[in-house]
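> Pasting a predicted model and its sequence here:
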Amino acid sequence: MANAAAARHVTEDRSIRSSGIVLEPGMPICQMDLPLDWYQEEFKPYAEEYLALESRAPEVVLPWMDSYIRPALDHFGPRLMLLAHYYMGGEIVKLVERYGGKVADSYLLARQAVLHPDTKIFVESAVHFMAEAIAILAAPDQEVYITNPKAGCTMEMLAKEHMVLPAFDYLVERFGDELLGIAYMNTSGRLKALAGQTGGACCTSSHAEKVVRWASKLGKRIFSLPYQHLGDNVARQVGIDPARIFRWPGGLEGMHYVPSGADEERLDRAEMILWGAFCGVHTVFSISQIEYWRARGHRVLVHPECTKEVVAAADGNGSTNYLWNEVMKAPAGAKLAIGTEAHFVKNAREQGRLRGVEVVNLADIPEADRGSAGCGCATMSRNDPPHLVAMLDLLRKGTPPSLNRVLAGDVVNERTGWRERMHDADRAALVRHARASLERMIEVTEASPG
Ligand code: SF4
């Protein structure tokens, strides 16, 4: 029933659209090889073959990948769907599209199980929370796999359930029904469920403004999990007085924090409480970098997970999807400086170059000591070609490792890839609440598309 409710609000499947990425001969497939001992046992034979290939050029890597992936695609047909996020390094984005898969941002990825009820197996090359969001919305006969169970999000790691629960319990006790959780998509299913329990919603960077406006109209006190900078930026957009934003520390500090004295008074006045987790990839950008590229004729576009100063100074800001579309529709001769994840910018630069559009990484200042180089999402890049090949081949053989199966509520150890699963009854309760928060996001955003 819940799936049907979510499907009713779907007005378009934007993920169907191709990213427009073109694989050219000579364009390297993978930016960096992982050491063999980074692969789980079942994947090592595939990794050994890959590491022994003479180069990473498409003409060498693709025939090897084809020999495993084509039989798997033939075996499963439309029952199988490959998915990747735009931030994937190793150019997995190029490969996933080549094999008929979809490349999207986290919002569109999350909706794929609902949009494709006839697809029974989803194989995702991205981070865990993205795969888990699909699993939360999936029907019982749909399975979700991640190609590398060690691929986690560092922002999510600063807001694990055991860190957030003491704050959540404190705030519920203090404010009761007034409190409404908004969980950024980059959270575990467990935090999405906490938001759902309060009648709250999830949000992504594309839809955070709509969701926060919706919550403000309800007159609620918002607990934003865990997006410190995006939360700051959205608060500015919707006109929340900065004096009425309360910053709760993130990570372990947040777990032990208890407001007292003047902090308690500020908390009581707060309209929005921001959990202090952030994405290191998006905090390397600065005003001086913006000034540098603007002086050279570049239009500066950034992701809203950058700091509020950077977002305010840029020429435009928006989600991953927005940034990609801006590159793909820019006319020949246009010059763009982009402030977001470095693999995304690298892919955008290659695709822009093919159409005469110059794309630079906002953090890449040629002159020394003017800025740090842009940073890639290193954890997401742990999904490389051997992981994709091994996952698909083992699925075809009927022996997929259970470590790669993603179920709602799993707690993942990003160092070992080990996952702790919930009991079925607990998982059912978690899915109910987490799904409610995801479906509320879909309702709020689809009610006012654009
Ligand atoms: S870029 Fe940052 S927020 Fe996005 S998945 Fe990577 S660590 Fe998480």
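Cool, the structure landed.
> Quick check: the gap between the residue of the stretch 1-150 of the chain at minimum distance from the ligand and Glu358.
Per CB to the nearest ligand atom, Val127 is where the stretch 1-150 of the chain lies closest to the ligand, at 4.8 Å. In this view, the C-beta of every residue, glycine as well, is placed from N, C-alpha and C. With distances taken as CB to CB, to the nearest Å, Val127 is found 30 Å from Glu358.
> just to revisit the earlier point, report pLDDT for the residue of the stretch 1-150 of the chain closest to the ligand.
We note a pLDDT of 90 for Val127 in this prediction.
> Neighbours of it, how many?
A count of neighbours around Val127, defined by other CB atoms under 10 Å, yields 29.
> Give the full set of residues in contact with it.
Neighbouring residues of Val127 by CB atoms under 8 Å, 6 or more residues apart in numbering: His85, Ala151, Gly152, Cys153, Glu156, Cys377, Thr379, Met380.
> same deal with Lys192?
Lys192 makes contact with Ala133, Ile136, Ala183, Cys202, His433, Ala434, Ser437, Leu438, according to CB under 8 Å, 6+ apart.
> Mark which of those are part of strands, please.
Cross-referencing these against strands under DSSP state E gives Ala183, Cys202.
> now, the most widely separated pair of the contacts of Lys192?
Maximum pairwise distance in those, criterion CB to CB, is 13.6 Å, between Ala133 and His433.
> pLDDT value on the residue of the stretch 101-250 of the chain found nearest the ligand, please?
Minimum separation of the stretch 101-250 of the chain from the ligand (CB to the nearest ligand atom) falls at Cys153, amounting to 3.1 Å. Predicted confidence (pLDDT) for Cys153: 88.
> what's the answer for Gly398, then?
For Gly398, pLDDT reads 98.
> Mind listing residues that contact stretch 287-295?
300, 309-310, 313-315, 337, 339, 360, 362-363, 365, 370-371.
> Let me know the closest of those to the ligand.
Gly339 (12.1 Å).
> and the closest one, how many residues sit next to it?
27.
> Looks like it contacts Val359 (just checking).
No - the criterion here is CB atoms under 8 Å, and Gly339 misses it with Val359 at 11.6 Å.
> rewinding a little: just the contacts of Val127: which are in helices?
Using DSSP state H, the members of the contacts of Val127 that fall in helices are Glu156.
> Neighbour count for the contacts of Val127 - can I get that in CSV?
Formatted as CSV, the contacts of Val127 follow (neighbours: other CB atoms under 10 Å):
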residue, neighbour count
His85, 28
Ala151, 28
Gly152, 22
Cys153, 27
Glu156, 25
Cys377, 26
Thr379, 20
Met380, 28
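> What is the nearest of the contacts of Val127 to Asn404?
The nearest member of the contacts of Val127 to Asn404, counting by CB to CB, is Ala151 at 10.5 Å.
> for Cys202, which residues make a bridge with it?
Ala183 (DSSP bridges).
> List the contacts of it.
133, 182-185, 187, 192, 195, 211, 437-438, 440-441.
> 7 Å instead, please
With contact set as CB atoms under 7 Å, 6 or more residues apart in numbering, Cys202 has these partners: Ala183, Met185, Lys192, Ala195, Ser437, Leu438, Met441.
> Check what pLDDT it gets.
94.
> tell me, what residue is most central in this structure?
By CA atoms, centre = their mean, the chain has its centre lying nearest to Ser106, at 4.7 Å.
> you'd agree it is up against Ser206?
No - judged on CB atoms under 7 Å, Ser106 makes no contact with Ser206 at a distance of 9.1 Å.
> Work out the gap between stretch 187-195 and the centre of the chain.
15 Å (CA atoms, centre = their mean, to the nearest Å).
> show me the contacts for Lys308.
His229, Asp232, Asn233, Arg236.
> what do you get if the cut-off is 10 Å, keeping everything else the same?
Contacts for Lys308 (CB atoms under 10 Å, 6 or more residues apart in numbering) come out as Gln228, His229, Leu230, Gly231, Asp232, Asn233, Val234, Ala235, Arg236, Pro242.
> Kindly report the same for Val412.
127-129, 131-132, 146, 149-152, 156-157, 160, 188, 403, 406, 418-420.
> Inside strands: which ones of those residues?
Using DSSP E, the contacts of Val412 in strands are Ile146, Arg419, Glu420.
> List only buried entries from those.
Ile146, Arg419 (16 or more other CB atoms under 10 Å).
> buried ones in stretch 290-303?
Those buried within stretch 290-303 under the rule 16+ other CB under 10 Å are Ile290, Tyr292, Trp293, His298, Arg299, Val300, Leu301, Val302, His303.
> For those, could you give me a markdown table that also reports pLDDT?
Below are these laid out as a markdown table (pLDDT from 0 to 100):
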| residue | pLDDT |
| --- | --- |
| Ile290 | 96 |
| Tyr292 | 95 |
| Trp293 | 96 |
| His298 | 97 |
| Arg299 | 98 |
| Val300 | 98 |
| Leu301 | 97 |
| Val302 | 96 |
| His303 | 93 |
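> returning to what we had before: what is in contact with Ala133 and His433 at once?
Taking CB under 10 Å, 6+ apart as the contact rule, Ala133 and His433 both touch Gly189, Lys192.
> and Asn413, what is it in contact with?
Asn413 makes contacts with Pro149, Lys150, Gly152, Arg419, Glu420, as judged by CB under 10 Å, 6+ apart.
> and if we set it to 8 Å?
Arg419, Glu420.
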